[in-house]
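J.: Any chance you can model this:
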Amino acid sequence: MGPLARTAPIIRSLSAVRGLARALAGVFVSGLLLAACSSDQQSATIGPTLNWRTIDGNRIAFQNGIPVPTFSYQPRLRLDVSGDWRLQTTTLNDQLSLMRRPDSLPRILQEAHGRQAIAFDDRSWPVTQVPGTYNPPPSPGPNGAWYRKAFDIPDSWGNHALTLKFGAVNYIADVWLNGQYLGYHEGGSTPFAFDATAAITPGATNLLAVRVDNPAWGTRQDIVPWGLTDWWNYGGLLQPVWLEATSSVYAVRADVVPHLDGADISVVVHQRGGDAVPAAVGLDILPATVNPQNVSDPDPRTLVPPAALPLASDRVDAGQLKADGTTEVHSSFSITDPDLWSPSSPALYVLHVRILVNGYRADDLFETFGMRHISVDPGSPRLFLNGRPVDFSGVALHDERVFPPAAGRPHGGPVTSADDVLILLEKAASANAQMIRADHHPANPILLNLADRLGFGVWEELPLYHYTPVTFDTAMGRGIPQQMLSEMDLRDMDHPSVLFHGLSNESTGQAERQRALTTLHNLDRLNDGTRLTGQAGYGFQPDDRTSQPLDVAGYTFYYGVFYGNDPAGGTAAALQTIHATFPKKPVMALEFGHWADNTAQEPLQRNVLTETYTELARQSDVDPSGFVAGSIWWTLDDYWTMAPGLSVEHFGMFTPSGTPRLAAQAAADLFGGGAGQGPSRRITSRGFGQPRLPAEPTSLFLAFIGYGLLVSLALLGTFLLILVGLPRLHRRPQ
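T.: Okay, the predicted model is just below:
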C-alpha cells in the first residue's frame, strides 16, 4: 500500500480525498525529481554479483568468488562484529555507486579521502549501533554514510578459512578489510558474503570499512524499489555483521526440500586452497522441541532434546575434492509417521551435517526445517496445506521497531532483536492472525526463525513496488530483481513458515508486468519450488490478467476506502470478477484496511474490517465451492512513512503503545486463530526414517538390456518383412 495505491477511477468519500492527495503528491514529486535528474543521469552499469554455475550436473550459486553460504546461526568459531561502529553520514555520488567497479572504483577512492584505509583517523566520528540505521525518522538525512569498525582476531584463527557475512545493507555496500577492497553488493534486504581469509591478520587488530549509498527513492528509475513509497527508507547496516572460521573443507549450505513422508537434502561442500582430499558427508535428522526457554535462541542445537538419538542417518561419498573445488551431494529420506509443520502445529526437525576428510570430522553445520507441503488443488481453486484446504487470516507488518513508542509514535528503526519481533507476534496472535505479510521486501530472518517456532505462515516478497512498464523493463534488464529473488530463495530455503513468495505489489503495465512475473516465477521454481508465487494487484482492476503465470491471484481490497463507497458490496462484486478471470486460482486478499488517526475514526476502521472480511469469508476455499484462501489486514501497527505530507500512517489495529484498537478486537472475533502457540504446545517431533535407496543397479541394468533386446528384435523383424515384401512391390502385373 502507498501513495500511488491511493488512486482510483471513482472517489466518492471525503476520507478518500486524503488518499488521492497523497497519490497526486507522490506522482508529482516523483515526476519533478526524475525530470530534474534526467538530463545528466546515466543508467546504472553495475551488474548482479550472484551467478549460477553447473558443476557435475548440479546448479550451484556463487557470489564474490565463493559458493553462497548459509546465513543461519552456526555453532562455529564466530566473531560478531556488530555493536559499536564509527559512523559518518555524507552525501555520496549515486552515479559512481551504480557504475561498473572497474570504471568507478578509482573515483570512489578519490571521494573516500582515505576513509577505507587502516590509518584513517575516525576518532571524531560519532559511535552508532550495528545493526541499525544512519537515518532514523523523522528526517531522511543525507543519502549515504561511511562505517568503520576495528576488531581483534585471535591468533588461533590463522589456519582457518574465514568468511565475512552481512545480513543486509541498504542499499549499495562497498567493503574494505584492512584496506583491501573485497567487493560490492546491491540490494537492501538480502545477505551477502566475502572470502576474508587473505585480508584478515590473525593475532592483530583489523579494520572493516563500509561505504553505504542509499539513493533517494523517486530520483532514479534503475534501483529497486525506485519510486516514493509508503514506508521509511532505512539506510545503513540494517542486520548483523559477523565472521565465521571453518576448516579449509567445510559445508557451505544444506537445503531441505520437505515432503509429507520425508525430505530431500542437498549439501554443498567447498575447499578453499589445499590439496585434493577425499571427502564424505554425514547426515543426521534429529527431533526438536520448542519451548519458552529456547524459542528465541538462534542456535538449532538448543531445540534438540537431551540425549536425543537421530531419527534417520546417512553417509554420502563426496569424492575427491580438489583445491578450491566445490561439489554438491544429495540424500533422500523416507520418514514414517512424521509430525508435519503448520501454523497450528509447528513441528520442527534439526538437520546435522558432518563433513569428513580422510575419516576425520572437519566441519559441522546445523539447520532446522519442517515437513510441510503447500499446493493448489489441481481440480479446484483451493489452497492445500499438507493435503487439507486452508484459508489464512492474517496481518501485515513492517520491519520496524514499534515499542517503546516515542511521543506516541512508533519507536522507529529496523528490528534488531528477537524481543522486538516477539512483541509484534504476540499482538498478531491476540488478534487470531495465522499469516504474516512481511512488508514489501524479503523478511527479517529473526521474524522467520520465530514464525517457524511459534507457528505463523509468512508471505514475503520482492520490493517491486508500484512498478510501471518502463521500470519493470529497466529493473529486469539489469537483473537486480532476479538476484534479490535468488538471495531470498537461498537464505530462506529451510524455513517452513515461508509459504508464499510475492513478486510485485500494486504495479501497472500488462505485457511488461506479465513478462517480468513469468521470468521471476520460473526462476523461483528453479531455485526453490517449495513455495507458491503471487502478486498484489490493484483491487479496482479485478479483471487484471497478469497473475496468469502465478500460483495464486493476489489483490489489495480498498472498497469503500479509496474507491467505491461500499466495502461489502464492492468486495463481493470484485471477488466474482476475479473468480471469473481466474476460475482455477485461489484468491488472496493481501491488503484491506483503513486508518484511525484518532479514536473517533476507530469505529470506521472496525467497520471496514468487519464488512470486508465478512465478504471474503463467504467465499472461503475451506468450503468446496469457495475460492478465497487468504485475507490480510493492513496493518498490525502504525508505521513511519515517506508519503508526502505524512510522517506516521495510523493503519495499525494496535496503537504504538500496544493498546488494541476496535479493529483488533473485531479481528480476534472473526479471524481463524490457532497460530503462535508453538512453545506452549512443546511438540517433540517424531518419526522413524531411512535413506531412500535408488533402484538396484543390477535390476536397472537387466531392464536396460531387456529393453534394448526387444527394440533390436522389433527392428530385425521389420527389416525382414521389408525384404520379403520388396519383390512383391516390384513385380509387374501379368
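J.: neighbours of the nearest residue to Gly325 once chain neighbours are set aside, just the number please.
T.: Nearest residue to Gly325, sequence neighbours excluded (CB to CB, 6 or more residues apart in numbering): Gln271, at 5.3 Å. Every residue, glycine included, has its C-beta placed from N, CA and C. Using other CB atoms under 10 Å, Gln271 has 24 neighbouring residues.
J.: ok, Gln271 - contacts?
T.: 248-250, 277, 279, 321-326 (CB atoms under 8 Å, 6 or more residues apart in numbering).
J.: Phe194 bridge partners, please.
T.: Beta-bridge partners for Phe194, by DSSP bridges, are Leu164.
J.: show me what contacts it?
T.: So Phe194 contacts 64, 66, 163-164, 175, 177, 182-183 (CB under 8 Å, 6+ apart).
J.: again, 6 Å this time
T.: Shown in contact with Phe194 (CB atoms under 6 Å, 6 or more residues apart in numbering): 64, 164, 182.
J.: would you list every one of the helices in this structure?
T.: Applying DSSP state H to the chain gives helices spanning 14-38, 94-97, 101-112, 418-430, 445-454, 469-478, 480-492, 511-527, 567-581, 602-618, 662-670, 678-681, 697-730.
J.: Show me the shaky parts of the chain.
T.: In the predicted model, the chain carries pLDDT under 70 at residues 1-41, 693-734.
J.: Kindly report the domain assignment for it.
T.: Using automatic domain parsing, the domains assigned to the chain come out as 50-246, 249-372, 381-660, 703-734.
J.: Please work out which of these is packed deepest.
T.: domain 381-660 (a mean of 22; mean count of other CB atoms under 10 Å).
J.: Okay, now that one: how far is its last residue from its first?
T.: End-to-end distance for domain 381-660, by CA to CA, to the nearest Å: 34 Å.
J.: again, but for stretch 586-600
T.: 36 Å.
J.: Identify the residues contacting that stretch?
T.: By CB under 6 Å, 6+ apart, stretch 586-600 touches 1, 381, 383, 534, 536, 552-554, 556-557, 561, 578, 602, 605, 608, 612, 616, 621, 627-634, 650-651, 661.
J.: Let's see which of these end up in strands.
T.: 383, 534, 536, 553-554, 556, 628-633 (DSSP state E).
J.: Go through those residues and say which is closest to Ile46.
T.: Ala536 (28.8 Å; CB to CB).
J.: all strands for the stretch 201-350 of the chain, in order.
T.: 205-213, 236-237, 241-246, 249-259, 262-271, 277-287, 312-321, 326-336, 341-342, 345-346, 349-357 (DSSP state E, counting those that start in this stretch).
J.: So what are the sheet partners of the fifth one and their directions?
T.: When you say that, I think you mean strand 262-271. In the sheet, strand 262-271 lines up with strand 249-259 (antiparallel), strand 326-336 (antiparallel) (DSSP bridges).
J.: cool, and the second one?
T.: Strands adjacent to strand 236-237 in the sheet, as given by DSSP bridges, are strand 169-170 (antiparallel).
J.: Check the offset of the partner strand from the chain's centre.
T.: In terms of CA atoms, centre = their mean, to the nearest Å, the centre of strand 169-170 is set 15 Å apart from its chain centre.
J.: same question, stretch 497-517
T.: 14 Å.
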